[in-house]
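[1] with the sequence up front, the predicted model follows.
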Amino acid sequence: MEAIQNFIQDMTVNFDNQVGGQIHMLTQLGNVQMPELKGLLLSKMEQMQKEQICCTLEVIYPFQNIRFRSTDLCRCLGILIDNAIDEVREKEKPQIDIMISHQKNYTTFRVKNRPYSNIDFHKIWLEGYSTKGTDRGIGLANYKKILEGYENISSLTTIQEGYFIQELKIQEK
């Protein structure tokens, strides 16, 4: 009887955690009021769920419009998320954190994951460079080309406290 009670307790806690996580994710997505971006995030989160990659999404403050073409934003954020997925795929406890902060003067997009490859910061922007093998390495080169068309954009790539962080900051005024 005790084993059955423990089993039911474990299942209930697991179910509550999953449902709680889903509710949190939907609440965060509710702050994204750009349909194109919301669609991209849903698609990437579904992909991560299928690949058993844990994803946290935090959207600080609701937002609708930013000073960046939505197609360019989706392309850039898609590149950053795809790179993070490629890096953590099939690793132990894969985790990707996505944060969007919309405040008065800036909107910031941040993608964070553990690095498992040696990253050469001088080469990652070069077309054809990849830590994942041949016939790859066009994403960040395209990302850089897109950003060059804007004056109100800054990009940061760094490693902090054992995490690889890519940040895209858009000045709103």
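    Done, it's in.
[2] helices or strands next to the helix or strand harbouring residue 42 in the packing?
    Residue 42 is part of helix 35-50 when elements are defined by DSSP states H and E. Counting by 3 or more CB pairs under 8 Å, 6 or more residues apart in numbering; DSSP states H and E, the packing neighbours recorded for helix 35-50 are helix 2-30, strand 54-60, helix 70-88. C-beta here means a position set from N, CA and C on the backbone, and glycine is covered the same way.
[3] which residues touch residue 170?
    66, 67, 68, 106, 107, 108, 109, 152, 153 (CB atoms under 8 Å, 6 or more residues apart in numbering).
[4] make it 10 Å
    Residue 170 makes contact with 66-68, 73, 102, 105-109, 150, 152-154, according to CB atoms under 10 Å, 6 or more residues apart in numbering.
[5] so what pLDDT did it get?
    For residue 170, the pLDDT comes out at 95.
[6] so where's this structure shaky on pLDDT?
    Within the chain, the stretches with pLDDT under 70 are 1, 4-26, 125-126, 128-137.
[7] looking at neighbours, which among the contacts of residue 170 is most surrounded?
    Within the contacts of residue 170, most neighbours by other CB atoms under 10 Å means residue 109, with 23 neighbours.
[8] who are the contact partners of it?
    By CB under 10 Å, 6+ apart, the contact list for residue 109 reads 37, 66, 68, 73, 76-77, 80-81, 98-102, 155, 166-170.
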